[in-house]
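Asker: Quick one: sequence and predicted model below, then my questions.
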Amino acid sequence: MIATKTGVKLAEVKLIDLGLNQTVLLKKLPNITSRSTVSNFFKRIPITHENFTEICRTLKLEWRDIAEMVEEGIMESVISDAIRETNLVEKQLRLAFAIAGTVDQVDQPKLTAIVKLLRQITGDASIEIVDIQEGSIKLILTGTLEALSKIQTLYRSGELPEVEGTPIEYVKLFIDESKTVKDHKIERGGLARSLLYTYQAIIAMVALQIIYSYVVLFSTDANVRDQKMMETQNQYAKELIILTLTSATGILGAAIGFYFGKEDSK
């Protein structure tokens, strides 16, 4: 069993957040004695299910959320890495960055100076403030995992005790769960619209097919066209409508389900 690429990133966040490194982590794993097992976990080299779950439990991660299964030599991702990369890491990773003072004491020039300084320190131009909360001045930052982790490491090592003359009170990486909910709502709404468009397209195509078949029938010579041909055409149209409605009803039901699922999550 191995972790997804994003799962490893989340494990690295947890490792830093818990103040651990791989050596210290190994000491907290009573059933694992080999350092290579821990190293393989972070290198995405397969390890046993028991070792995998023990590492996840120690890092306070749900193993099912980050696992890729290896079956008959084929890795099957539990959740697509692409979805995780977009929704879980890039959009959800945050750094709570609290400095002394009150919100009233902070002006825009100072916030701009703080962001500029953090960008210089980390080399990450994507760092920005997405929220400011009450109490001490708690800034919520976004950026790459490497950049945000570096800020936290510098603070914990004492190399970054202040910014722009203001003492830093604490720094903590966390996952913003609310982003996933919002993204899922957007995705469900988009999928509902796509299903409705598909439903409309199917109904329109079938209607055109039936109309066309009747046009072809009535364009034949009246002497050739008989009652049996009409009955055959009517039966064809009836079966086509039943088949279409059966399939289209399933699509419509799915679209309604996704739409109300989107509404319920508001």
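Answerer: The structure has been received and is ready for your questions.

Asker: Where do the domain boundaries of the protein fall?
Answerer: Domains of the chain are assigned by automatic domain parsing as 2-87, 92-176, 180-264.

Asker: Between these, which has the poorest mean confidence score?
Answerer: Lowest mean pLDDT within those: domain 180-264, a mean of 67.

Asker: Could you dump the domains of the chain into a markdown table with mean neighbour count added?
Answerer: For glycine as for every other residue, the C-beta is placed from the backbone atoms N, C-alpha and C. As requested, the domains of the chain are exported to a markdown table (neighbours: other Cβ atoms under 10 Å):
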| stretch | mean neighbour count |
| --- | --- |
| domain 2-87 | 16 |
| domain 92-176 | 16 |
| domain 180-264 | 13 |
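
Asker: now the strands: where do they sit in the stretch 1-150 of the chain?
Answerer: 2-3, 67-71, 74-77, 93-99, 128-133, 137-142 (DSSP state E, counting those that start in this stretch).

Asker: What are the boundaries of the helices in the stretch 101-250 of the chain?
Answerer: In the stretch 101-250 of the chain, the segments counted as helices under DSSP state H, counting those that start in this stretch are 108-122, 145-156, 178-218, 227-264.

Asker: contacts for the shortest one?
Answerer: Taking Cβ atoms under 8 Å, 6 or more residues apart in numbering as the criterion, the residues outside helix 145-156 that touch it are 9, 12-13, 16-17, 19, 89, 93-95, 97, 118, 121-124, 126-127, 141-142, 160-161, 168, 170-173.

Asker: For that helix, list the C-alpha coordinates in CSV.
Answerer: What follows is helix 145-156, C-alpha atoms only, in CSV (Å, rounded to 0.1, in the frame of the first residue of the first chain):
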residue,chain,number,x,y,z
LEU,A,145,3.2,23.7,0.8
GLU,A,146,7.0,24.3,0.7
ALA,A,147,6.7,28.0,1.3
LEU,A,148,4.2,27.8,4.1
SER,A,149,6.1,25.0,5.8
LYS,A,150,9.3,27.1,5.6
ILE,A,151,7.6,30.0,7.4
GLN,A,152,6.5,27.7,10.2
THR,A,153,9.9,26.1,10.4
LEU,A,154,11.7,29.4,10.6
TYR,A,155,9.3,30.6,13.3
ARG,A,156,9.8,27.4,15.4
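
Asker: what's the angle between it and helix 108-122?
Answerer: Taking axes from the mean of the first three to the mean of the last three Cα atoms, to 10 degrees, helix 145-156 and helix 108-122 form an angle of 100 degrees between their directions.

Asker: Hmm, Asn31 and Glu50 touching each other?
Answerer: Yes: Glu50 is within contact range of Asn31, at 7.1 Å (criterion: Cβ atoms under 8 Å).

Asker: For Thr58, which of the strands of the stretch 1-150 of the chain is the nearest?
Answerer: Closest to Thr58 of the strands of the stretch 1-150 of the chain is strand 2-3 (Cβ to Cβ; 13.8 Å).

Asker: Tell me how far that closest one lies from the chain's centre.
Answerer: 17 Å (Cα atoms, centre = their mean, to the nearest Å).
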